[in-house]
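Engineer: Provide a 3D model corresponding to the input given below.
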Amino acid sequence: MTHKIERKVNKTIRNEVIDRLEKLKEEIKDMDAYVRQDMDDDKLRDEDIFRINEKMKELERQIINVIEG
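Structural biologist: You can find the predicted model right below:
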């Protein structure tokens, strides 16, 4: 009976991971639209572009850390 409970918990955690992955995909899609819109703005300062670039580098590092585990 304990084995069945463990499998149920694992399945729940697996579902949570998949759900979180789907949410992250949507957030990245939204981020893509906002960043592209910002890049088209002629009033965007170099400092703002640098800040966006640094944040994206940090996000990329975090994603790599998750993948590499």
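
Engineer: rest of the way, CA atoms for contacts and neighbours
Structural biologist: OK.

Engineer: Mind giving me the packing neighbours of the helix ranked longest in the chain?
Structural biologist: Using DSSP state H to define each element, the chain has its longest helix at helix 2-39. With contacts defined as 3 or more Cα pairs under 8 Å, 6 or more residues apart in numbering; DSSP states H and E, helix 2-39 has no helix or strand neighbours.

Engineer: which is the next helix or strand following that helix?
Structural biologist: Going down the chain from helix 2-39, the next helix or strand is helix 46-68, by DSSP states H and E.

Engineer: quick check: mean pLDDT across that following helix?
Structural biologist: What helix 46-68 shows for mean pLDDT is 95.

Engineer: List the buried residues of it.
Structural biologist: By 16 or more other Cα atoms under 10 Å, helix 46-68 has no buried positions at all.

Engineer: Would you mind pulling the contact partners of it?
Structural biologist: Residues outside helix 46-68 that contact it (Cα atoms under 8 Å, 6 or more residues apart in numbering) are 35, 39.

Engineer: Distance from the chain centre to that helix, please.
Structural biologist: Remark: helix 46-68 is offset 11 Å from the chain centroid, using Cα atoms, centre = their mean, to the nearest Å.

Engineer: If anything else comes up later, I'll come back, but that's it for now.
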